[in-house]
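Visitor: the following comprises the amino acid sequence and a computationally predicted model.
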Amino acid sequence: MTKIRTRYAPSPTGKMHVGNLRSALYEFLIAKHEGGDFMLRIEDTDQERFVEGATEIIYRTLEKTGLVHDEGPDKDGGYGPYVQSERMKTGIYMKYAKELIDKGEAYYCFCDKERLATLKTEIVEGKEITVYDKHCLSLSKEEIEANLAAGKPFVIRQNNPTEGTTTFHDELYGDITVENSELDDMILIKSDGYPTYNFANVVDDHTMNITHVVRGNEYLSSSPKYVRLYEAFGWQVPVYVHLPLITDENHKKLSKRSGHSSFEDLLEQGFVTEAIVNYIALLGWSPEDNREIFSLQELIEKFDYHRISKSPAVFDIVKLRWMNGEYLKAMDFDAFYEMAEPYLKAALTRDLDLKKIAAMVKTRIEVFPDIADQVDFFEKLPEYDTAMYTHKKMKTTAVSSLEVLTEILPVLEAQEDYSNDALYQTLLTYVEQKGCKNGYVMWPIRTALSGKQMTPAGATEIMEVLGKEESLKRIRKGIELLSAAL
RNA sequence: GGCUCGUUGGUCAAGCGGUUAAGACGCCGCCCUCUCACGGCGGAAACAGGAGUUCGAUUCUCCUACGAGCUGCCA
């Protein structure tokens, strides 16, 4: 069996969106699962849409996600160049286009915009539907020569038959057959000399020995035209794997405007790379068992592309958040701290034990920005309503809380050891004396310390972090507020 | 409009002629607990509709509906 070669062929037009990333991931996995090669090819044949820096984003993203390419512009594997604009300079596309012309499978077209405009047949949903009428196919050799000699702008179009059908096979979708009359004579070479995606893609995939063409579903309906190109050249048609679309919650194709769907945006929102990769791997593919958490290495082992689904998948940020939380919980503490520290520092300016706080928060957040809301009370006691002291389950009321706080204050004032363990012992002793439930005592103290309904830690842990002075200050404040309210 | 593809709970999905139709996220309830979270247990929630084929269809075929993609000198 020949070695599998797949490719990720993005056009450098901006950020890498989740759909792009998933294509790259699947292309990588399909190759690596079989010990094949994965390559990167930059498709920059549209100079107008080229965005400065976009190529760098592609490199950075592939590197960060671990989708290491075996060949690419920066890693010559003998099939270069790997950038289409550079390939064009070698004359490769024009050479093959001419070969097609010689075979009668393509032809020069000198039609200008004005003539094309007369072809407009109908307008559907604001878009003009034009079908080229093969006008230039009937040009004589002499006319063509004359036009060329006169320097008249031209394009080269594919010459598709008007009768019969074309069938191609997709690994996921099976055989797809279309009437040749539906195939319009698409442009192969643009008037600026650049090849269109349609042509460059076929030429490059063939000349770079790509065995499995893996790409988005949006190419499914134009694939018959590509297959005709392969056949016209007499080249072996590659294995096709068309991937289902990823949509937003409204089932619309993920768009830049719907926001936050690019890989970089997700990182900014506090997601970790591994979780993002893991999540998108499951968007359109599932393993044989029920497992959901996979490292890249494990994905390589398990990824059988025949299990890719055919229907589109909705990108669910809520589930991604859950998965990210799973990754944070499983993360080694030092690694977690390193990533959490900037968020901690942004939220806390006092001198507090950030590591202790990080540990508290680790199992309680899904993404890093969640930290702010969790720890804000350490920084500053918020304004709070004394109604919070009344808690049904804890059987506490404003009156009972005032009593507890008043009784415990001198004890805490006398206490020297403000470690969690020591404080906890002290409070338990008090609970025993009183003969009440833990919560009856803990709730009012925690409330006074935090001013919040919920905190990432219990009363004694909070005191440990806050320290004696601040803890007492907050408890006195609680007594003051309760007294005033009663 | 034409062509192509798709359609299992709100979402991701398993299923590939016979099942009480998995599992996960989310949601709800209970337990655990120094509040919340974590963790544990449980619950509500689905085969788009209609014809066939078959002893039997979620699984196969056709039609309809809905959705999406393409219909660019964009990829």
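Guide: All right, it came through fine.
Visitor: would you mind measuring from A:Glu432 to A:Tyr440?
Guide: For A:Glu432, the distance to A:Tyr440 (Cβ to Cβ, to the nearest Å) stands at 12 Å. Every residue, glycine included, has its C-beta placed from N, CA and C.
Visitor: okay, those two: which has more neighbours?
Guide: A:Tyr440 (18 against 9; other Cβ atoms under 10 Å).
Visitor: around RNA strand B, which positions in the stretch 251-400 of chain A sit nearby?
Guide: On the criterion Cβ under 7 Å from any atom of the strand, RNA strand B has as its neighbours in the stretch 251-400 of chain A the residues A:251-253, A:282-286, A:288, A:290, A:292, A:307, A:309-314, A:316, A:318-319, A:322, A:329, A:363-364, A:393-394.
Visitor: and those residues, which are buried?
Guide: Among these, those buried by neighbour count (16 or more other Cβ atoms under 10 Å) are A:282-285, A:312-313, A:364, A:394.
Visitor: in these, find the pair that's most separated.
Guide: Farthest-apart pair in those is A:Pro312 and A:Met394; separation 48.5 Å (Cβ to Cβ).
Visitor: inside helices: which ones of the residues of the stretch 251-400 of chain A next to RNA strand B?
Guide: Judged by DSSP state H, those include A:318-319, A:322, A:329 as members of helices.
Visitor: read off the pLDDT value for the residue in chain A that RNA strand B sits nearest to.
Guide: Nearest residue of chain A to RNA strand B (Cβ to the nearest atom of the strand) works out as A:Gly458 at 2.5 Å. Per-residue confidence (pLDDT) for A:Gly458: 97.
Visitor: how much space between it and A:Arg87?
Guide: 64 Å.
Visitor: so for those two, which sits in the more crowded spot?
Guide: A:Arg87 (23 against 19).
Visitor: quick one: contacts for A:Phe168?
Guide: A:Phe168 makes contacts with A:175-176, A:223-224, A:226-227, A:237, A:240, as judged by Cβ atoms under 8 Å, 6 or more residues apart in numbering.
Visitor: quick one: secondary structure of it?
Guide: strand (DSSP: H, G, I helix; E, B strand; the rest coil).
Visitor: which helix or which strand is home to the closest residue in space to it that isn't next to it in sequence?
Guide: Excluding the flanking residues, the one nearest A:Phe168 by Cβ to Cβ, 6 or more residues apart in numbering is A:Val227, at 4.2 Å. If you go by DSSP states H and E, A:Val227 is part of helix A:223-233.
Visitor: what of A:Lys98?
Guide: Per DSSP H and E: helix A:92-102 holds A:Lys98.
Visitor: how far is that helix from where the chain is centred?
Guide: Distance of helix A:92-102 from its chain centroid, counting by Cα atoms, centre = their mean, to the nearest Å, is 38 Å.
Visitor: from the contact counts, what lies against the helix or strand following that helix?
Guide: Proceeding N to C from helix A:92-102, the next assigned helix or strand is strand A:106-109, under DSSP H and E. Judged by 3 or more Cβ pairs under 8 Å, 6 or more residues apart in numbering; DSSP states H and E, strand A:106-109 is in contact with helix A:92-102, helix A:141-149, strand A:155-158.
Visitor: how about strand A:106-109 and RNA strand B, touching?
Guide: No - using Cβ under 7 Å from any atom of the strand, we find that strand A:106-109 stays clear of RNA strand B, coming within 7.5 Å at best.
Visitor: do the same with stretch A:173-189
Guide: Yes - with Cβ under 7 Å from any atom of the strand as the criterion, RNA strand B is reached by stretch A:173-189 at A:173-174, A:176-179, A:182, A:184, A:186-187.
Visitor: give the buried residues for that stretch.
Guide: Of the residues in stretch A:173-189, A:173, A:176, A:178, A:183-189 count as buried by neighbour count, 16+ other Cβ under 10 Å.
Visitor: which segments of chain A make up each domain?
Guide: Domain ranges of chain A: A:5-247, A:331-379, A:381-486, per automatic domain parsing.
Visitor: the longest one - what's its average pLDDT?
Guide: In this model, domain A:5-247 carries a mean pLDDT of 93.
Visitor: quick one: residues contacting the closest residue to A:Pro73 other than its chain neighbours.
Guide: The shortest distance from A:Pro73 to any non-neighbouring residue, by Cβ to Cβ, 6+ apart, is to A:Tyr82 (4.4 Å). Residues in contact with A:Tyr82, defined by Cβ under 8 Å, 6+ apart, are A:39-42, A:71-73, A:76.
Visitor: inside strands: which ones of those residues?
Guide: Using DSSP state E, the subset of the contacts of A:Tyr82 located in strands is A:39-40.
Visitor: how about CSV for the contacts of A:Tyr82, with neighbour count and distance to RNA strand B added?
Guide: CSV is the format used below for these (neighbours: other Cβ atoms under 10 Å; distance: Cβ to the nearest atom of the strand, whole Å):
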residue, neighbour count, distance to RNA strand B
A:Met39, 24, 15
A:Leu40, 25, 13
A:Arg41, 26, 9
A:Ile42, 23, 9
A:Glu71, 20, 18
A:Gly72, 22, 15
A:Pro73, 18, 15
A:Asp76, 11, 21
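Visitor: now A:Lys395: how far from A:His69?
Guide: Distance, A:Lys395 to A:His69, using Cβ to Cβ: 63 Å.
Visitor: what about the two, which has more around it?
Guide: For A:Lys395 versus A:His69, neighbours defined as other Cβ under 10 Å are more numerous around A:His69 (25 against 13).
Visitor: helix, strand or coil for the more buried one?
Guide: coil.
Visitor: circling back to that earlier point, out of the residues of stretch A:173-189 next to RNA strand B, which comes closest to A:Asp373?
Guide: For the residues of stretch A:173-189 next to RNA strand B, the nearest to A:Asp373 is A:Tyr173 (46.0 Å; Cβ to Cβ).
Visitor: I figured the closest one hits A:Lys310, correct?
Guide: Yes - proximity of A:Tyr173 to A:Lys310 meets the contact threshold set by Cβ atoms under 8 Å, at 6.4 Å.
Visitor: nothing else from me, thank you.
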